[in-house]
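Asker: No letters, just coordinates:
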């Protein structure tokens, strides 16, 4: 195990966490930084934060194309991702596209 204190390790992980533009008042960096000062911080908590950042579960159990592109609506998740990315940039859909369900 490394000799760097757990709190410092968690702050380092927190500083490298990406900013979430969809929830500007709720950031993972803020949570992890405040957690680093907790007196009962455990090595498991630091490893869990690192695993979240490294997408360990996604790499270990990747989603199959059958799950990400269901037969009933194959473009659903692609459109959802596109909408989230545009929303983060401040680009909205026109009211008529929303009303008529046009993408």
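Answerer: That came through fine. None of these values were measured; they are calculated from a predicted model. Numbers count the residues shown, from 1 in each chain.
Asker: okay, and for the protein, where does confidence drop off?
Answerer: Scanning the chain for pLDDT under 70 picks out 1-3.
Asker: which helix in it runs the most residues?
Answerer: In the chain, assigned by DSSP state H, the helix with the most residues is helix 76-89.
Asker: and it, which residues are buried?
Answerer: Residues of helix 76-89 include none that count as buried (16 or more other Cβ atoms under 10 Å). In this view, the C-beta of every residue, glycine as well, is placed from N, C-alpha and C.
Asker: now the helices: where do they sit in the chain?
Answerer: Going by DSSP H, the chain shows helices at 6-15, 28-36, 43-53, 56-60, 65-68, 76-89, 95-100.
Asker: contacting residues around residue 103?
Answerer: By Cβ atoms under 8 Å, 6 or more residues apart in numbering, the residues touching residue 103 are 75, 79, 97.
Asker: got it, and residue 13?
Answerer: Taking Cβ under 8 Å, 6+ apart, one finds 32, 46, 49, 50, 53 in contact with residue 13.
Asker: do you know how far it is from residue 6?
Answerer: Note on residue 13: its distance to residue 6, by Cβ to Cβ, to the nearest Å, is 11 Å.
Asker: what's the overlap in contacts for those two?
Answerer: Listed as contacting both residue 13 and residue 6 by Cβ under 8 Å, 6+ apart are residue 46.
Asker: what residues does stretch 59-72 touch?
Answerer: The contact list for stretch 59-72 (Cβ under 8 Å, 6+ apart) reads 75, 76, 77, 78.
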